[in-house]
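S.K.: below is the sequence, then the predicted model.
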Amino acid sequence: MGTPLGAFPSGFARHRAFHAGPQFTVPCPLCHPVGMFIHVVVLPLALVSQSTADAGPAAAEDAFTRAVLTALTMHKRGDDALALRSLWEAVDDARVRAPLDVHTGLVLDSPPENLGLYREAKAGMVFGETLLLYAEVDNHGLRRTPAGWEMNLWTDLFILDENGKRLGGRERFGEQVLTARAPYRTTHLVLEVGIAGLPPGAYRAQVVVHDDVGAKTGSVVIPFRVAARPGRNR
C-alpha cells in the first residue's frame, strides 16, 4: 500500500461548548455537543411507597425500577410531564452501567455545525491531505463538580489498510474535557487527521474512545478512500 503513514500532524478539531467556555487540550471553535437538562424529581414518600409496593422488596431497592414505576404512576394520574422526568432518571441510572457506545462514525467533507448537523463525504472519499472524522458517543460518565457537570474523554487514532493492518496512528490523539451547567447525555467528536503520506486506496480509521469519568472504553471503525490526484503516487 505504499510507505507507512507517519505521525499525524493534527489533533482534535477545535470545539466550543454551549454552556461553558472551550476546555479542550486542543481548543476548537467548530461545534459543541448538545445536552439535555436532568430534572431532579422529589415525590411524596407515600406516592413512592405506593408505586413500589406491588413490585416487591427488590424493586424498592433498585433506582431504575423505582423511577420507572414512578413514571407509570404519574402517567396513570395524567401527569406525563412528571412521568417523563422520572423516565429520564431511569435512563441516567442505566447509563452508568451501560457500555460506552461510540457510533455514527463518518467521514465529513466539511466541519459539522453541531451534533447531527453535518455533511457526509460521498462514499467516504477524501480528496485533500486532511481526513475529517466524526463520531457520536453515548453512555459516558458525568462527574458533578461545583462548576457543573464534567465530562472527560480522550481518544486513540489508528489508520489501517483494507485488510486491517495498522499503518500508523497515535495514542492520546486528542482529549475532550468539558464542564457545563447542563449534563451532556450525548456528545460528538471531530478529528482532523493528516494523511499526506497515504497513496490512493481504501483504508479504515480506528477511533478508540476512553471515558475517564466512567472508566469505560468504546471504539468505532470508519472506512474511507483516498482519491487519486495529479502528482500523487498511484
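M.R.: Structure received.
S.K.: the closest residue to A202 other than its chain neighbours and R170: what is the separation?
M.R.: Nearest residue to A202, sequence neighbours excluded (Cβ to Cβ, 6 or more residues apart in numbering): E162, at 4.3 Å. Any C-beta I mention is one placed from the backbone N, CA and C, and that applies to glycine too. To R170, E162 is 21 Å away according to Cβ to Cβ, to the nearest Å.
S.K.: those two: who's more crowded?
M.R.: R170 (15 against 12; other Cβ atoms under 10 Å).
S.K.: A strand includes that one, no?
M.R.: Yes - the assignment for R170 by DSSP: H, G, I helix; E, B strand; the rest coil puts it in a strand.
S.K.: contacts only, for the residue nearest to A202.
M.R.: Neighbour list for E162: 201-204 [criterion: Cβ atoms under 8 Å, 6 or more residues apart in numbering].
S.K.: give me the distance between it and P183.
M.R.: With Cβ to Cβ as the criterion, E162 and P183 are 39 Å apart.
S.K.: what of R119?
M.R.: Distance from R119 to P183, by Cβ to Cβ: 28 Å.
S.K.: look at the two and report which has more neighbours.
M.R.: P183 (18 against 12).
S.K.: skipping its backbone neighbours, what lies nearest the more buried one in space?
M.R.: Here the residue nearest P183, using Cβ to Cβ, 6+ apart, is W149, at 4.1 Å.
S.K.: so where does the one you found fall, helix or strand?
M.R.: Taking DSSP states H and E as the criterion, W149 maps to strand 148-161.
S.K.: pairing partners for that strand, with directions?
M.R.: strand 143-145 (antiparallel), strand 166-180 (antiparallel), strand 201-211 (antiparallel) (DSSP bridges).
S.K.: mind putting the ones you listed in CSV, mean pLDDT and distance to D62 included?
M.R.: Shown next, in CSV, are these (pLDDT from 0 to 100; distance: least, Cβ to Cβ, whole Å):
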stretch, mean pLDDT, distance to D62
strand 143-145, 92, 22
strand 166-180, 91, 29
strand 201-211, 97, 24
